[in-house]
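*Asks:* What follows is a predicted protein model with its sequence.
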Amino acid sequence: MTLVCLYILVLLTIQTVKAVNLAAGKPATQSSAHRVHTTADKAVDGNADKAYSHGSCSHTNCQDRAPWWMVDLGKVYLIKSVTIAVADSASGRMRNFRIELYNKHPNKGGMAKLCASQGPAALAHGKDRTFTCSRPTRGRFVKISKKFTSHCDALILCEVMVNGEEVVNCPFSFVRHGRSCYFYSEHKAGNWFQARDICRALGADLAIADNKEKVKFFKSALKSLGALGGRIYYLGGHAFSGQAFRWLDSNALSMGVFDDWDKATNPKDPEPNIEDELCFGMHREHYYTWHNIHCSRREQFICEKSPMWPRP
């Protein structure tokens, strides 16, 4: 029961992280302002109050015939959706607009990539409306631009919330899989500690294999190397000074929640004592299941780099 609760807690934590609004507090600009208190920053102040009279909404000038609003996220993200908090008194103005993404500023050569659009039907007043991009798209700048069709056809935004995830640029010789990048060493390190030092020098760390999907990917990649691959690959787990095995990443799932020990292997064999430094890796001769080995052995290794690992 305890392990089940731990697993659920981890999943809830992951979902909470994903729900972070990337636009909150970021620099925002717009084509014009209706009043001194309706500037672009009002749409990223973290206040989704849709009561326009409360002063937390942006509003372009009524005479602006090409209204737009834009936020700079600070760096490129993989954007999945954009949510707009519509004012309670938008008067049918939230229509005929496009949500576009740019890697670079539009005035500095940035090319528009359409996330989503709204046609002539106006959005409901006083509601949140989420627009999911047709596919996750990279972008640093999120721009909402509106087609002017009638008098005072302004762009009014009470809050703009951007959902996405950090983009990881894989270093040279790393292989991308999902949000992570992996490096499979061709040569042996002097020991587990040296293997970790090499990974860190590459901006990564030893790989964490705390779930079934990751282990399946590692096994597939290592099997594809065939005779060119190593016999054992170090991972980022250890049992120092007689302690139980654990991952380097304290946020990884406990080995009691998920493990992939070889069925013929006792994770406590050799039995650790206070002088032992045991590490573990994936063993080719046992279908790349987990094996514990002395950290002093010369072995190959797997490095990992992702938005969550290594920890900042």
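*Replies:* Cool, the structure landed.
*Asks:* Near residue 102, how many other residues are there?
*Replies:* Counted with other CB atoms under 10 Å, the neighbours of residue 102 add up to 22. The way it works is simple: take the backbone N, C-alpha and C, and place the C-beta from them, glycine included.
*Asks:* In this structure it contacts residue 110, no?
*Replies:* Yes. In terms of CB atoms under 8 Å, residue 102 counts as a neighbour of residue 110; the distance is 3.7 Å.
*Asks:* Can you check which residues contact both of the two?
*Replies:* Residues touching both residue 102 and residue 110 (CB atoms under 8 Å, 6 or more residues apart in numbering): residue 141.
*Asks:* give the contact list for residue 167.
*Replies:* Residues in contact with residue 167 (CB under 8 Å, 6+ apart) are 75-78, 138.
*Asks:* Which members of the residues you listed are the farthest-apart pair?
*Replies:* Using CB to CB, the two most remote members of the contacts of residue 167 are 75 and 78, lying 11.2 Å apart.
*Asks:* residues shared between the contacts of these two?
*Replies:* Any residue near both residue 75 and residue 78 by CB under 8 Å, 6+ apart counts here, and that gives 166-167.
*Asks:* who has more neighbours, the two?
*Replies:* Set residue 75 next to residue 78 and count neighbours by other CB under 10 Å: residue 78 wins out with 17 against 10.
*Asks:* Distance-wise, check that one relative to residue 140.
*Replies:* Noted for residue 78: a distance of 11 Å to residue 140, by CB to CB, to the nearest Å.
*Asks:* likewise residue 301?
*Replies:* To residue 140, residue 301 is 34 Å away according to CB to CB.
*Asks:* related to what we said a few turns ago, put together a markdown table for the contacts of residue 167, with secondary structure, pLDDT and distance to residue 94 on each row.
*Replies:* What follows is those, written out as a markdown table (DSSP: H, G, I helix; E, B strand; the rest coil; pLDDT from 0 to 100; distance: CB to CB, whole Å):
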| residue | secondary structure | pLDDT | distance to residue 94 |
| --- | --- | --- | --- |
| 75 | strand | 93 | 29 |
| 76 | strand | 92 | 27 |
| 77 | strand | 92 | 24 |
| 78 | strand | 91 | 26 |
| 138 | strand | 92 | 26 |
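*Asks:* would a markdown table of those residues with distance to residue 167 be doable?
*Replies:* Output for the contacts of residue 167, formatted as a markdown table (distance: CB to CB, whole Å):
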| residue | distance to residue 167 |
| --- | --- |
| 75 | 8 |
| 76 | 5 |
| 77 | 6 |
| 78 | 5 |
| 138 | 6 |
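*Asks:* Let me see the ranges of the helices in this protein.
*Replies:* Counting by DSSP state H, the segments of the chain that form helices are 2-18, 192-201, 212-225.
*Asks:* For those helices, which has the smallest mean pLDDT value?
*Replies:* Among these, helix 2-18 has the lowest mean pLDDT, at a mean of 35.
*Asks:* what stretches of this protein score poorly on pLDDT?
*Replies:* For the chain, the stretches flagged by pLDDT under 70 are 1-19, 227-228, 255-256, 263-276.
*Asks:* What distance do you get for the residue lying farthest from the centre of it to residue 72?
*Replies:* Ranked by distance from the centre of the chain (CA atoms, centre = their mean), the top residue is residue 151, with 42.0 Å. Residue 151 sits 31 Å away from residue 72, going by CB to CB.
*Asks:* Please apply the same query to residue 121.
*Replies:* Look at residue 121 and residue 72: by CB to CB, they are 30 Å apart.
*Asks:* Residue 158 contacts residue 94, doesn't it?
*Replies:* No. Shown here, residue 158 and residue 94 do not form a contact pair, counting by CB under 8 Å, at 10.2 Å.
*Asks:* Look up phi and psi at the closest residue in space to residue 212 that isn't next to it in sequence.
*Replies:* Nearest residue to residue 212 in three dimensions, chain neighbours excluded: residue 258, at 6.7 Å (CB to CB, 6 or more residues apart in numbering). Torsion angles at residue 258 (phi, psi; degrees, to the nearest 10) stand at phi -140, psi 130.
*Asks:* List the contacts of the closest residue to residue 182 other than its chain neighbours.
*Replies:* Among residues not flanking residue 182 along the chain, residue 175 sits closest, at 5.1 Å (CB to CB, 6+ apart). Listed by CB under 8 Å, 6+ apart, the contact set of residue 175 reads 181-184, 221.
*Asks:* can you do 7 Å?
*Replies:* The neighbours of residue 175, taking CB atoms under 7 Å, 6 or more residues apart in numbering as the test, are 181-182, 221.
*Asks:* now, which of those residues sits nearest residue 277?
*Replies:* Using CB to CB, the contacts of residue 175 come closest to residue 277 at residue 182, 24.6 Å.
*Asks:* Compute the distance between residue 141 and residue 182, please.
*Replies:* As judged by CB to CB, residue 141 and residue 182 stand 30 Å apart.
*Asks:* Quick check: closest non-adjacent residue to the most centrally placed residue in the chain.
*Replies:* The chain has residue 165 as the residue nearest its centroid, 3.4 Å off, counting by CA atoms, centre = their mean. Once flanking residues are discounted, residue 165 sits nearest to residue 78: 5.2 Å by CB to CB, 6+ apart.
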